[in-house]
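> 3D model of this:
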Amino acid sequence: MVNFGNLKKLNVPAKGTSKYTLSQLGGDVEPVLILACASESNKEYFNALLKQSAKLMQGSKAKQISAGLVKSNRDNDKILYATHILKGWEHIVDIDENSVEFNLENSIDFIKALPDWIFDEIREYASNVHNYIEMMDTEGVTKNS
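This next block holds a predicted model:
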């Protein structure tokens, strides 16, 4: 029997995180989001996503894809991301440049306040498993560089 243990390094760690710099927001110090992977490896997120998808499918059997349906899907994703993907942040400030504590309520408010195009970039980053695999060290622990 051949041992393919060398492929283990390609598994996405269930609790792995990666840092995403929000250069789009500008400022003296660029804000950073600490994101979990938005994939099947993140069981909590994936189960919540499946529940959300089932609800959307039940309610949209007669509907065709529309701009409203896309917006509704994105708005639902924002809540899922704030709850299951966003694990922390650095240098996030409010309108008065005060540092904002990371917690679920602030996470939801922040994600909802983001323009859709920025959220879409975050969604694309978090769903790309390569952003998590490449960050692993030799013990399979995700590095946050």
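
> residue boundaries of the helices in the chain?
All helices of the chain, identified by DSSP state H, fall at 43-59, 67-80, 104-113, 116-126, 130-133.

> looking at the chain, which helix or strand does the model trust least?
Taking mean pLDDT, DSSP states H and E as the measure, the helices and strands of the chain show their lowest mean at helix 43-59, namely a mean of 75.

> OK, contacts around Ile34?
17-20, 86-90, 144 (Cβ atoms under 8 Å, 6 or more residues apart in numbering). All C-beta atoms are positioned from the backbone trio N, CA, C, and that covers glycine.

> roughly how far is stretch 92-112 from the heart of the chain?
Averaging C-alpha coordinates over stretch 92-112 and over its chain gives two centres that are 16 Å apart (Cα atoms, centre = their mean, to the nearest Å).

> quick one on the thing from earlier: which of the contacts of Ile34 count as buried?
Among the contacts of Ile34, those that count as buried by neighbour count (16 or more other Cβ atoms under 10 Å) are 17-20, 86, 89.

> and the two most separated of the residues you listed?
Checked with Cβ to Cβ, those reach their widest spread between Ser18 and Trp89, with 12.9 Å between them.

> surely Phe102 meets Ile92?
Yes - applying Cβ atoms under 8 Å, one finds Phe102 in contact with Ile92, separated by 7.4 Å.

> re the thing from before, mind picking the two most distant members of the contacts of Ile34?
Leu86 and Asn144, at 14.0 Å, using Cβ to Cβ across these.

> where does pLDDT dip in this structure?
13-14, 56-65, 67-68, 134-145 (pLDDT under 70).

> list the buried ones in the least confident helix or strand of the chain?
In helix 43-59, counting by 16+ other Cβ under 10 Å, buried: 45, 48-49.

> which of those residues lies closest to Tyr125?
Nearest to Tyr125 among the buried residues of helix 43-59, counting by Cβ to Cβ, is Tyr45 at 14.4 Å.

> contacts only, for that closest one.
If a contact means Cβ under 8 Å, 6+ apart, then Tyr45 has 36, 38, 80, 84-85 as its contacts.
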